[in-house]
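1. I'd like to go over a predicted model; first the sequence, then the structure.
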Amino acid sequence: MPDLVFTRRFSMGHRLVHGASERCALPHGHNEFVTVRLASTSPAPLDGSGNMPVSFQQAKSTWHHFIDEKLDHALQLAEDDPLLLWFEANEPERAQRIVVTPGDPTTELMVCLMMAKLNAFLKAEGGLLVCTEVSLQETPTNTVTFDGNPEDFLPRPRAPEQCWWYRPDMSISDPL
């Protein structure tokens, strides 16, 4: 069965505070492209009529809504970043637009979080498709691609049911 592949562009801001790059410790932004590959969970020959397991519109609707409404123009911060506490104390409404991650919100982490979130959406929508690969282009010269099981690579800060990336809802953070 052919895979479905689609891309969405979004703008984001983040900062990395755990020393990987002093240059990235100040808040800055990127215009990113996320490309996902979806495969059928029950591969079968094309039927000679509809010839697809799921329409592109059905396959990408929830995902594109999540990207457009939750990730586009959001700030990504580590859950222990002091800037997060500042937003919660001084601008609580804006704090709701912050993507909170277990450790620095690197591109490597984000591809795993995105795959976990997309697979949660797909499972909740009947499990006809599964995400097998996510590529996140941070700049025209830097892209990270992931094609494994995100649970094998993601930090385990708490039980999976308490992590926004495993829930099929529009959450981007968890209560601290």
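-> That came through, no problem.
2. So which residues of this structure form helices?
-> Taking DSSP state H as the test, the helices found in the chain are 56-66, 82-90, 92-95, 107-124.
3. what's the distance between the residue nearest the centre of the chain and Ala120?
-> The chain has Met114 as the residue nearest its centroid, 2.3 Å off, counting by CA atoms, centre = their mean. Met114 sits 11 Å away from Ala120, taking CB to CB, to the nearest Å as the criterion. All C-beta spots, glycine's among them, are computed from the backbone N, C-alpha and C.
4. can you check Asp47 too?
-> Asp47 sits 28 Å away from Ala120, taking CB to CB as the criterion.
5. Repeat that for Val111.
-> Between Val111 and Ala120 the computed distance is 15 Å (CB to CB).
6. Same check on Arg97?
-> Here Arg97 is placed at a distance of 20 Å from Ala120 (CB to CB).
7. Which one's more surrounded, those two?
-> Ranked by neighbour count (other CB atoms under 10 Å), Arg97 and Ala120 place Ala120 first, with 20 against 15.
8. Test my guess that that one contacts Trp165.
-> Yes: in terms of CB atoms under 8 Å, Ala120 counts as a neighbour of Trp165; the distance is 7.4 Å.
9. what's Cys163 in contact with, if anything?
-> Pro102, Pro157, Asp174 (CB atoms under 8 Å, 6 or more residues apart in numbering).
10. can you tell me how far it sits from Gln76?
-> Relative to Gln76, Cys163 is positioned 15 Å away (CB to CB).
11. what does Val36 give?
-> The value you get for Val36 to Gln76, if CB to CB is used, is 18 Å.
12. Give me the below-cutoff pLDDT ranges for this protein.
-> 176 (pLDDT under 70).
13. quick one, strands of it?
-> Assigned by DSSP state E, the chain shows strands spanning 4-14, 28-40, 74-78, 98-101, 129-139, 142-146.
14. can I get these in a markdown table with mean neighbour count and distance to Gln58?
-> Output for the strands of the chain, formatted as a markdown table (neighbours: other CB atoms under 10 Å; distance: least, CB to CB, whole Å):
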| stretch | mean neighbour count | distance to Gln58 |
| --- | --- | --- |
| strand 4-14 | 16 | 10 |
| strand 28-40 | 17 | 11 |
| strand 74-78 | 22 | 25 |
| strand 98-101 | 22 | 26 |
| strand 129-139 | 19 | 9 |
| strand 142-146 | 15 | 24 |
